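Enquirer: With the input below, show me the fold.
(chains A and B)
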There are 2 protein chains.
Amino acid sequence: MIILKAKPVIEKRRAELIAKVQNLSAQGKRVPHLSVVLVGNDPASQIYVSKKETTASLVGFTHESIRFPSDVNPELVRLKVQELNQNPAVDGILIQRPLPAQFQESEVSLWVHPEKDVDCLHPENIGLLVTGNPRFSPCTPGGIMLLLDHYEIAVQGKVVCVIGRSAIVGKPLAALLLLRNATVIQIHRATQNPAELCRLADVICVAAGSRGLVQESWVKPGAVIVDVGIHRTAEGKITGDVDVNSVATLPSAMSPVPGGVGPMTIQVLLENTFTSALRKR
Amino acid sequence: MIILKAKPVIEKRRAELIAKVQNLSAQGKRVPHLSVVLVGNDPASQIYVSKKETTASLVGFTHESIRFPSDVNPELVRLKVQELNQNPAVDGILIQRPLPAQFQESEVSLWVHPEKDVDCLHPENIGLLVTGNPRFSPCTPGGIMLLLDHYEIAVQGKVVCVIGRSAIVGKPLAALLLLRNATVIQIHRATQNPAELCRLADVICVAAGSRGLVQESWVKPGAVIVDVGIHRTAEGKITGDVDVNSVATLPSAMSPVPGGVGPMTIQVLLENTFTSALRKR
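Expert: The predicted model follows:
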């Protein structure tokens, strides 16, 4: 079984990105700039933001983090984002999720200008993706595609089962897969015969947020499994949505958790920021 | 077999809409206004636009058609649409498709302000639909839902096969179905085993634009079939994407062509225009 590790993909693509940024610098041009907005003190969010900062520095971007207390008035954050929207030196803006309860997710997704929305969450960018003219790559689905491409796993003409239908993963992933000529079966909590449908798939992408959901009976021998789930067990071990002991040697390839899809998302975020910076020149 | 005829659905919903518009008038309020932009002399488009005008009048809306010659500079049309966007007396704007070759479809879909885009083609509106906060109902998929609802055919927990992946029908239909808790199998030209996958479905929605595509071997006995196709035979007969002789009595319900999905789309267009008018008050 091939283990779809992020590491070699990221090493390769990061080196390419570093070279492109150096090339900009060598031409005396401004390097891409990423602005991250963080509200509150959620420990996981702190870690994610700090990872994004470290990686942005590593590839030669400039970046800034704008922090607000967890009880901030959303209007203050909105005004700050508007300022970033108007600042020509800012190429990408990211509002770290989750946000405190006083924020309305559907409102917030409209704040970042679509052309700076490197997280690809603005409805206009989702719509452009769905209708086949993507402006940015959605971070997690885009990361899955980079992973599959690197390991030369084609989805064209294949049956792909997408488990989950979130606005961040399941739905934009289905859209990306359709653009790649995959046949998509999208299953979710309300599906009555998930194992039976999943067993038809050549490629299984699970983003259900349900630990160990995918078991032996869900997997056709030789299928490729991409696991987007991330859970911490009572013993502190990180696992995904696949029950790896149960599926055992059935898959021909599988992404590990951790070290699979997770690390790919920052790479896509940075590539989107670079794309945005180039478009403005 | 139940024939899913549009007529009773439209009669009921149109009467409701007429009553709502009369209610606005009775309160001394402005009735909804629809502006239709038509470029060129395509005979089918002329018929569609004239049907939209007649129906808008019938329900008590005011409306206008703005016509341009087929060789018009797209910039002139864009400026006219911008004027309509800014006119507070206009509630809905529709640019009739297809457009001549000098127009870029991906550009045009951004012209109508999302809040007046009663055809639900702006990427922002597609994105809002996909992410679960629809601003308007996409006309053909929305019409399919009204038809199924009227005949009390629930899709919740059912396997629905969507055949086709156009930006106008297949993709927004899949999004609507997911919001209704259906399990969606989306197949298309590049699918290798379409009949086998389609045969799993409790409900089949075919919008492939391929005459007689769905045959006996595609249909599970008792399945519901919704036919979005519309073709004119050499003898001048109107038929759909389903081979009705081949599927014979297999389905438990089927929408006719003509008289099924087709007439529903204008109803959705008018309901969207009414929604838009109400939102502005």
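
Enquirer: In chain A, which residue is most central in space?
Expert: In chain A, the centroid-proximal residue (C-alpha atoms, centre = their mean) is residue A:140; its distance is 1.9 Å.

Enquirer: Tell me how far that residue lies from chain B.
Expert: The spacing between residue A:140 and chain B, counted by C-beta to the nearest C-beta, to the nearest Å, is 15 Å. In short, each C-beta sits where N, CA and C put it, glycine included.

Enquirer: again with residue A:47
Expert: Look at residue A:47 and chain B: by C-beta to the nearest C-beta, they are 26 Å apart.

Enquirer: mean confidence score for the helix or strand containing that residue?
Expert: Taking DSSP states H and E as the criterion, residue A:47 maps to helix A:43-58. For helix A:43-58, mean pLDDT is 95.

Enquirer: Which residues belonging to it are considered buried?
Expert: Residues of helix A:43-58 classed as buried by neighbour count (16 or more other C-beta atoms under 10 Å in any protein chain shown): A:45, A:48, A:49, A:52, A:53, A:55, A:56.

Enquirer: Please enumerate residues in contact with it?
Expert: A:14, A:18, A:34, A:36, A:38, A:62-63, A:65, A:94, A:96-98, A:266-267, A:269-270, A:273 (C-beta atoms under 8 Å, 6 or more residues apart in numbering or on different chains).

Enquirer: Can I get whatever helix or strand comes next after that helix in PDB? Just the C-alpha atoms.
Expert: Going down the chain from helix A:43-58, the next helix or strand is strand A:62-68, by DSSP H and E. The C-alpha atoms that make up strand A:62-68 are tabulated as PDB, following Å, rounded to 0.1, in the frame of the first residue of the first chain:
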ATOM      1  CA  THR A  62       5.700  39.200   4.400                       C
ATOM      2  CA  HIS A  63       2.800  38.700   6.800                       C
ATOM      3  CA  GLU A  64       1.000  40.100   9.800                       C
ATOM      4  CA  SER A  65      -1.400  38.800  12.400                       C
ATOM      5  CA  ILE A  66      -4.100  41.000  13.700                       C
ATOM      6  CA  ARG A  67      -5.500  39.800  17.000                       C
ATOM      7  CA  PHE A  68      -8.700  40.800  18.700                       C
END
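
Enquirer: ok so, going back, return the members of the contacts of helix A:43-58 classed as buried.
Expert: Buried among the contacts of helix A:43-58 (16+ other C-beta under 10 Å): A:14, A:34, A:36, A:38, A:63, A:65, A:94, A:96-97, A:266-267, A:269-270, A:273.

Enquirer: low-confidence ranges in the stretch 151-281 of chain A?
Expert: A:281 (pLDDT under 70).

Enquirer: all strands for it, in order.
Expert: Using DSSP state E, counting those that start in this stretch, the strands found in the stretch 151-281 of chain A span residues A:159-163, A:183-187, A:203-206, A:224-227, A:231-232, A:238-239, A:253-254.

Enquirer: quick one: which of the ones you listed is nearest chain B?
Expert: Taking C-beta to the nearest C-beta, strand A:183-187 is the member of these nearest to chain B, at 4.3 Å.

Enquirer: so which of the strands of the stretch 151-281 of chain A gets nearest residue B:167?
Expert: Among the strands of the stretch 151-281 of chain A, the nearest to residue B:167 by C-beta to C-beta is strand A:183-187 (15.5 Å).

Enquirer: Name every strand pairing with that closest one and say which way it goes.
Expert: Strand A:183-187 pairs in its sheet with strand A:159-163 (parallel), strand B:183-187 (antiparallel), by DSSP bridges.

Enquirer: Which elements pack onto the longest helix along chain A?
Expert: In terms of residue count, the longest helix belonging to chain A (DSSP state H) is helix A:6-26. The criterion is 3 or more C-beta pairs under 8 Å, 6 or more residues apart in numbering or on different chains; DSSP states H and E, and the helices and strands that helix A:6-26 contacts are helix A:43-58, helix A:139-150, helix A:261-279.

Enquirer: Any chance of JSON lines for those helices, columns distance to residue A:2?
Expert: Shown next, in JSON lines, are the helices and strands packed on helix A:6-26 (distance: least, C-beta to C-beta, whole Å):
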{"stretch": "helix A:43-58", "distance to residue A:2": "26"}
{"stretch": "helix A:139-150", "distance to residue A:2": "11"}
{"stretch": "helix A:261-279", "distance to residue A:2": "15"}
